[in-house]
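Visitor: Sharing a model that was predicted from the sequence below.
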Amino acid sequence: MSKVLAFLSIILLGSSLSASPIPKDTRQLVVAVAADWNSTSAQLWMLHRTEAGKPWQLAAGPIPTKLGRTGLVWGRGLHTPPRGATLKREGDGKPPCGAFAIGQSYGTLHPQTVQRRSNMRYHHIGPSDLWVEDANSEYYNRHIRLPDGRTPQTEWEKKQQMRLNDNAHKLKLFIAHNAQPNIVRGAGSAIFFHIWRDNGGRPTAGCTAMPESTLRQLIAWVDPATKPVYVILPRVEYTRLAPSWGLPKVF
């Protein structure tokens, strides 16, 4: 019996040591906390640390943000969702919760007008750029560019075309939910930080939206070399997971 207990203790210890989805060498953290699972808004903080194991230090926040129109749901990212939890699906209007890598930036603005670090790639979006939200496509949840600079010709291409004349999407930063190399078709696509609508008066379709000035600040601050991570959770889940995930106290 003692050998069995010792074996179980080793398993539990290993699980606790590997519980945090945040890489040990991550040095930038963006945190959004919603009041509950039904919220359409959240408070956001930007934090950094000098090296692994050091305390998180506040860089900015709290910052008001808008979330999806139908509340929150667990997503697919760096974390392991709770067993039996409902997961995000395409078109459900919910922002995915959990921990996610922060990806590259996109927009219709001229590159010289977007302040960013030299290692932050900015994709200057034009008529040839598509973001595939068709769950039946092999390119689902990916950015692709039509060859030779051609514009969309088919109805399918037109439907996947990235928005060109939408102020809310003239600048955005990718949240790596359901992203390569582990894309599950139908599990949700095109999740970004972007500019909010009507000065925060309208929820999103599942993204995290904020004032343009704040988004510009975020893009200028994010350093891909730090392996930045975005954590978004309802308050009760943030409180529950903070010890095992090593999350900073922000409220």
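Guide: Looks like it arrived, so ask away. Quick caveat: nothing in here was measured; it's all calculated off a predicted structure. Numbers count the residues shown, from 1 in each chain.

Visitor: excluding its backbone neighbours, what's nearest Ala168?
Guide: Among residues not flanking Ala168 along the chain, Ile195 sits closest, at 4.8 Å (C-beta to C-beta, 6 or more residues apart in numbering). For every residue, glycine as well, the C-beta is placed using N, CA and C.

Visitor: pretty sure the one you found contacts Asp166?
Guide: No - the pair Ile195 / Asp166 is not scored as a contact, 9.1 Å apart, by C-beta atoms under 8 Å.

Visitor: Those two: which has the busier surroundings?
Guide: Counted by other C-beta atoms under 10 Å, Ile195 and Asp166 do not tie: Ile195 has more neighbours, with 22 against 12.

Visitor: Please tell me the pLDDT value assigned to the more buried one.
Guide: We have a pLDDT of 98 for Ile195.

Visitor: beta partners of the residue nearest to Ala168?
Guide: Met210 (DSSP bridges).

Visitor: Let me know the distance separating it from Ala205.
Guide: Distance of Ile195 to Ala205, given as C-beta to C-beta, to the nearest Å: 14 Å.

Visitor: go on, Lys227?
Guide: Lys227 is 28 Å from Ala205, by C-beta to C-beta.

Visitor: pLDDT weak spots in this protein?
Guide: 1-18 (pLDDT under 70).

Visitor: any chance you could map the helices in it?
Guide: Secondary structure of the chain by DSSP state H: the helices cover 2-17, 155-160, 212-221, 235-245.

Visitor: hang on, the earlier thing: what sits against the residue nearest to Ala168?
Guide: By C-beta atoms under 8 Å, 6 or more residues apart in numbering, the contact list for Ile195 reads 167-172, 209-212, 215.

Visitor: center of the protein, which residue is that?
Guide: Ile175 (2.8 Å; C-alpha atoms, centre = their mean).
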